[in-house]
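Asks: Sequence and predicted model, in that order:
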Amino acid sequence: MGQDIKTLRTRIKSVDSTLHLTKAMGLVASSKIRRATDAMLKSREYSAALSEAVSLLTLCPDCKKSPYLRKAEGDRLCMVVIAGDRGLAGGYNANVFRLMREYPEAKIIPLGKRACERYGGEIRSSEHFSAAEAMTLAQDLCKAFTEGEFDRLCVVSTEYVSMLTQTPRVTQLLPLVPSEQKGRSVIFEPDELTILNSVVPTYVAGLLVAHARESFACEVAARRAAMDSAGKNAQEMIDELQLSYNRARQGAITQEITEIVAGSGN
């Protein structure tokens, strides 16, 4: 009986330590949510403006000569895979990796420490992915695309739907898809084709940053939800262990009293 009480006491301390850890991580995630969502919304606005400009350019007849509008003739994929820098975020990282199982032959450019650990390559932080890093990566990818190293460039990221819902997705960046909507009349200088070819690396970099910011907001939201759930489970476990501990102590005390009474009767 004494051994059971000692074991229960040890388990209660262990679970209580886990509870404090989950609460601390939940608070850290909560403190980052506002900053992450603000950055996500700003990057959405920026990428929307870039996309609008590129859509206008793709409507111009001369731009059909651009290597960025060539039709994909093969299935060679290059995919920028965005995952988190840390774990303990529920199914955030696992959902991205599960989606990637559908593309076993793709060339993978990992972004985020978890993705780099899984697929190898240069370590890039998804939380601190800067515009300068994005531009360097975009220029390399655009050069590789125009030289025919792959047929399509895609990014695998997580879409922020709500605080409780985040969905992994695949978005094609290259080749560009001409807009089907009639655009407004715009005059480009010096000419549409030159501007399109020069703006595409900036466009790709802007989208990479936008997807990284949105994925980070998803990671933070998923981590807070996971820590809240883990905290509730830990508290329930502590309550059950505490009840078992009290019963064990009560049983031990009752047994001691019975032995004392029996001994005094003899």
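Replies: Looks like it came in fine.

Asks: low-confidence ranges in the protein?
Replies: 1-3, 181-186, 263-266 (pLDDT under 70).

Asks: Show me the helices in it, by range?
Replies: Shown for the chain, the helices assigned by DSSP state H span residues 2-58, 92-100, 113-119, 131-146, 192-265.

Asks: Go through those and name the closest to residue 125.
Replies: Comparing these by their distance to residue 125 (C-beta to C-beta), the top pick is helix 113-119, with 6.5 Å. The way it works is simple: take the backbone N, C-alpha and C, and place the C-beta from them, glycine included.

Asks: helices or strands up against that closest one?
Replies: Helices and strands touching helix 113-119, by 3 or more C-beta pairs under 8 Å, 6 or more residues apart in numbering; DSSP states H and E, are strand 77-82, helix 92-100, strand 107-111.

Asks: okay, those, which one's buried deepest?
Replies: Among those, ranked by average contacts under mean count of other C-beta atoms under 10 Å, first place goes to strand 77-82 (a mean of 24).

Asks: Now do it against helix 92-100, angle only.
Replies: Strand 77-82 runs at 170 degrees relative to helix 92-100, counting by axes from the mean of the first three to the mean of the last three C-alpha atoms, to 10 degrees.

Asks: Quickly run through the sheet partners of strand 77-82, with directions.
Replies: Its sheet considered, strand 77-82 pairs with strand 107-111 (parallel), strand 152-160 (parallel) by DSSP bridges.

Asks: Out of those strands, which is closest to residue 138?
Replies: Of these, nearest to residue 138 by C-beta to C-beta is strand 152-160, at 9.6 Å.

Asks: before we move on, the earlier item: so which of the helices and strands packed on helix 113-119 comes closest to residue 51?
Replies: Ranking the helices and strands packed on helix 113-119 by their distance to residue 51 (criterion: C-beta to C-beta) puts strand 77-82 first, at 17.1 Å.

Asks: and the closest one, how far from the chain's centre?
Replies: Put simply, strand 77-82 sits 14 Å off its chain's centre (C-alpha atoms, centre = their mean, to the nearest Å).

Asks: mind putting the helices of the chain in JSON lines, distance to residue 164 included?
Replies: Formatted as JSON lines, those follow (distance: least, C-beta to C-beta, whole Å):
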{"stretch": "helix 2-58", "distance to residue 164": "13"}
{"stretch": "helix 92-100", "distance to residue 164": "12"}
{"stretch": "helix 113-119", "distance to residue 164": "21"}
{"stretch": "helix 131-146", "distance to residue 164": "29"}
{"stretch": "helix 192-265", "distance to residue 164": "6"}
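
Asks: and residue 168, which of those helices is closest to it?
Replies: Taking C-beta to C-beta, helix 92-100 is the member of the helices of the chain nearest to residue 168, at 4.6 Å.
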